[in-house]
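Participant: just coords:
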């Protein structure tokens, strides 16, 4: 009989970062982060390739370093954080792209109550014990979404042509998981 024990891992928020970039004026990227987030990964037989993944972040915790812009992003023009407090992701499957620890994570992303399937590129950094004996696993995650797929439609047309904010949003995450007792 095969051993199918589950191991629970939780995101270590002090050693993780959820960030994004979006083109502004079609010439430069503006970067932001979400300050409040959490999630769990449940693995079977210590294999991350057979994981149940749940992740969420507080939409109101968006931080671009500019208070007025952050307030606009929290408003109904964008995240509508008052009515849609959480942005969530549920992993559906992990595809092993190659032997070097690179994967594609496929799952459901929900923003403003709209759920779409997205694909994220994942690079496994390895597993290591910290000085206090905690087992940690590290991942770098990258992807791209179209913000309009999630009802984030606000924009302004520029006099010279083009738009103020691009539709494409690049996602970049550094995730450190800690094995739960």
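Facilitator: Yep, that arrived. It should be emphasised that the depicted structure is a prediction, and the values quoted were computed from it without experimental measurement.
Participant: rest of the way, CA atoms for contacts and neighbours
Facilitator: OK.
Participant: okay, strands next: where are they in the protein?
Facilitator: 6-11, 17-24, 28-34, 37-44, 47-58, 62-63, 86-96, 102-111, 114-129, 135-146, 165-179 (DSSP state E).
Participant: buried sites along stretch 171-181?
Facilitator: 171-179 (16 or more other Cα atoms under 10 Å).
Participant: tell me the mean pLDDT for that stretch?
Facilitator: Averaged across stretch 171-181, the pLDDT comes to 93.
Participant: picking that back up, tabulate the strands of the chain in JSON lines, adding columns for distance to residue 79.
Facilitator: Output for these, formatted as JSON lines (distance: least, Cα to Cα, whole Å):
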{"stretch": "strand 6-11", "distance to residue 79": "23"}
{"stretch": "strand 17-24", "distance to residue 79": "14"}
{"stretch": "strand 28-34", "distance to residue 79": "12"}
{"stretch": "strand 37-44", "distance to residue 79": "15"}
{"stretch": "strand 47-58", "distance to residue 79": "10"}
{"stretch": "strand 62-63", "distance to residue 79": "10"}
{"stretch": "strand 86-96", "distance to residue 79": "9"}
{"stretch": "strand 102-111", "distance to residue 79": "7"}
{"stretch": "strand 114-129", "distance to residue 79": "11"}
{"stretch": "strand 135-146", "distance to residue 79": "14"}
{"stretch": "strand 165-179", "distance to residue 79": "14"}
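Participant: residues contacting the worst-scoring helix or strand of the chain on mean pLDDT, please?
Facilitator: Between all helices and strands in the chain, the lowest mean by mean pLDDT, DSSP states H and E belongs to strand 47-58, at a mean of 84. For strand 47-58, the external contacting residues (Cα atoms under 8 Å, 6 or more residues apart in numbering) are 34-44, 85-96.
Participant: and residue 90, how far from residue 17?
Facilitator: Taking Cα to Cα, to the nearest Å as the measure, residue 90 and residue 17 are separated by 18 Å.
Participant: roughly how far apart are residue 72 and residue 62?
Facilitator: Taking Cα to Cα, one finds residue 72 at 10 Å from residue 62.
Participant: which one's more surrounded, the two?
Facilitator: Shown here are residue 72 and residue 62; by other Cα atoms under 10 Å, residue 62 has more neighbours (23 against 13).
Participant: residue contacts, the more buried one?
Facilitator: By Cα under 8 Å, 6+ apart, the residues touching residue 62 are 32-35, 70, 73-74.
Participant: just list whatever residues bridge to it.
Facilitator: Per DSSP bridges, the residues bridged to residue 62 are residue 34.
Participant: returning to that earlier point: of the contacts of strand 47-58, buried ones?
Facilitator: Listed as buried from these are 34-35, 37, 39-44, 85-94; burial here means 16+ other Cα under 10 Å.
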